[in-house]
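Undergrad: Any chance you could fold what I've pasted below:
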Amino acid sequence: MKKSSSRTFIVLLLAVLCLSCQTDEETLPTLSAGQTRNALLGKWRVERIDYQVCRNGNCNTTNYRGNAGDYFEFRSDSAFLLHDVTRTKNNYNAFKAEYTLPGAFILSRQFWSATYTVTECKANRLVLNCTYAGSDPYARFTDTYYLYR
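TA: Just a heads-up that it's a prediction; the model follows:
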């Protein structure tokens, strides 16, 4: 009897330990296309932008720290990004914006287009992730934008 209760205790202890180590990842609820559009509209300041390029399994990341004049502005059919890339002149980009995807949107300009995924969306903070291929077919570019209001 004592042997059986010891085994039961050990089994229960192991079960409790295994369950306590289990972590549930918080999943972000996917925004509908309309919710994505409404959450984005307006002017967002650039906290930083992480630029990553991966080629043959090797990845390099560079960072841009935003300054007071940097912003990303989203309108109902367009978006504008202004940031001081070289610290000597402003880089102003205008895009056509399509808010037709749940939790994401498409920006396009001339022959280029990319899908931006909303990875964090709060009233005063927004994180956008964009992965695309450039002119080098072996390279994968990922830009992560950290924005705030």
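
Undergrad: Now stretch 90-105: buried residues?
TA: Residues 95, 97-99, 101, 103-105 are the ones in stretch 90-105 that count as buried (16 or more other C-beta atoms under 10 Å). Placement of C-beta: from N, CA and C, glycine included.

Undergrad: swap in stretch 101-121?
TA: Buried, per 16+ other C-beta under 10 Å, within stretch 101-121: 101, 103-107, 114, 116, 118, 121.

Undergrad: Same check on stretch 30-43?
TA: Within stretch 30-43, the residues scored as buried using 16+ other C-beta under 10 Å are 31, 35-37, 39-40.

Undergrad: Show only the entries of those found in helices.
TA: Of the buried residues of stretch 30-43, the ones assigned to helices by DSSP state H are 35-37, 39-40.

Undergrad: pLDDT and distance to residue 65 for those residues - can I get that in a markdown table?
TA: Formatted as a markdown table, those follow (pLDDT from 0 to 100; distance: C-beta to C-beta, whole Å):
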| residue | pLDDT | distance to residue 65 |
| --- | --- | --- |
| 35 | 93 | 30 |
| 36 | 93 | 26 |
| 37 | 94 | 28 |
| 39 | 93 | 24 |
| 40 | 95 | 22 |
